[in-house]
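Novice: Task: produce atomic coordinates for the following.
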Amino acid sequence: MELLSRVDRHFAASLEAKQRTLEAMGSRIVQAAELLAERLRQGNKILVCGNGGSAADAQHFAAELVNRFEIERPGLAALALTTDSSALTSIANDYAFEQIFARQVRALGRSGDVLLAISTSGNSPNVVVALDAARELGMTTLALTGRDGGRMAGQLGGGDLEIRAAAVATARVQEVHILIIHCLCDLVDGLLFAKEES
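Specialist: Sure thing, here's the model as predicted:
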């Protein structure tokens, strides 16, 4: 098989997944950005979690908010629950790996905060448990999923939102997730700092 044709297929599949997600979830991405901007405006914070590539996405999103995305503006309150190796390893050791995010949510989350939970399958046990912990605290949850939404899709409450990538392959879901994350960053900046931007 010619290598360039493989590359072409990857690009084509990624473009198709992104287009299908836009058609199905475009308005939901706007809703999510409005929710995040409103909570940040009210002085709340955003906690973010995920495993593997989704952990990297969680850190990426939090960093874009705390530092800056594309405009100069004050930092925004966001924290990736994937970065504290001492907390992660002690919770996994003393309790269970399924508790590594939920324990942090209970310690750091408050009513009014938002948990952005990322899982390509929607079935990551530690992310599912983190959603339960957030709901117990009165936090709103925002789920980034793929495939059929998994267990996460079924456990969201009335004020929660799911943005589901229209893809099955993990790589395609992750590619869509990073685009969604960049859309959220851009929209939040526009909603909160439109005057500074102009």
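Novice: list the contacts for residue 42?
Specialist: residue 112 (Cβ atoms under 8 Å, 6 or more residues apart in numbering). No exception for glycine: its C-beta is placed from N, CA and C like everyone else's.
Novice: for residue 144, that is, sorry about that
Specialist: 50, 54, 57, 116-119, 163, 165, 177, 180-181.
Novice: Pick the one among these closest to residue 155.
Specialist: Closest approach to residue 155 among the contacts of residue 144 (Cβ to Cβ): residue 117, at 10.1 Å.
Novice: a helix runs through that closest one, doesn't it?
Specialist: No. Assessed by DSSP: H, G, I helix; E, B strand; the rest coil, residue 117 does not belong to a helix; its assignment is strand.
Novice: Can you go through the contacts of residue 144 and name the buried ones?
Specialist: Listed as buried from the contacts of residue 144 are 50, 54, 57, 116-119, 163, 165, 177, 180-181; burial here means 16 or more other Cβ atoms under 10 Å.
Novice: and these as JSON lines, adding pLDDT and distance to residue 151?
Specialist: Shown next, in JSON lines, are these (pLDDT from 0 to 100; distance: Cβ to Cβ, whole Å):
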{"residue": "50", "pLDDT": "98", "distance to residue 151": "15"}
{"residue": "54", "pLDDT": "98", "distance to residue 151": "15"}
{"residue": "57", "pLDDT": "98", "distance to residue 151": "19"}
{"residue": "116", "pLDDT": "98", "distance to residue 151": "17"}
{"residue": "117", "pLDDT": "98", "distance to residue 151": "11"}
{"residue": "118", "pLDDT": "98", "distance to residue 151": "14"}
{"residue": "119", "pLDDT": "98", "distance to residue 151": "9"}
{"residue": "163", "pLDDT": "98", "distance to residue 151": "16"}
{"residue": "165", "pLDDT": "98", "distance to residue 151": "16"}
{"residue": "177", "pLDDT": "98", "distance to residue 151": "18"}
{"residue": "180", "pLDDT": "98", "distance to residue 151": "20"}
{"residue": "181", "pLDDT": "98", "distance to residue 151": "22"}
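Novice: before we move on, back to that, quick check: of the contacts of residue 144, which lies closest to residue 2?
Specialist: residue 165 (28.3 Å).
Novice: nearest spatial neighbour of the closest one, skipping sequence neighbours?
Specialist: residue 176 (3.7 Å; Cβ to Cβ, 6 or more residues apart in numbering).
Novice: And the one you found, how close does it get to residue 29?
Specialist: Distance, residue 176 to residue 29, by Cβ to Cβ, to the nearest Å: 11 Å.
Novice: how many neighbours does the residue nearest to residue 165 have?
Specialist: Neighbourhood size, residue 176 [other Cβ atoms under 10 Å]: 25.
Novice: In what element of secondary structure is it found?
Specialist: Per DSSP states H and E: residue 176 is located in helix 170-197.
Novice: and if you look at residue 39?
Specialist: Counting by DSSP H and E, residue 39 is part of helix 3-41.
Novice: Quick check: next helix or strand after that helix?
Specialist: Moving toward the C-terminus from helix 3-41, the next element (DSSP H and E) is strand 46-49.
Novice: Appreciated, that's everything.
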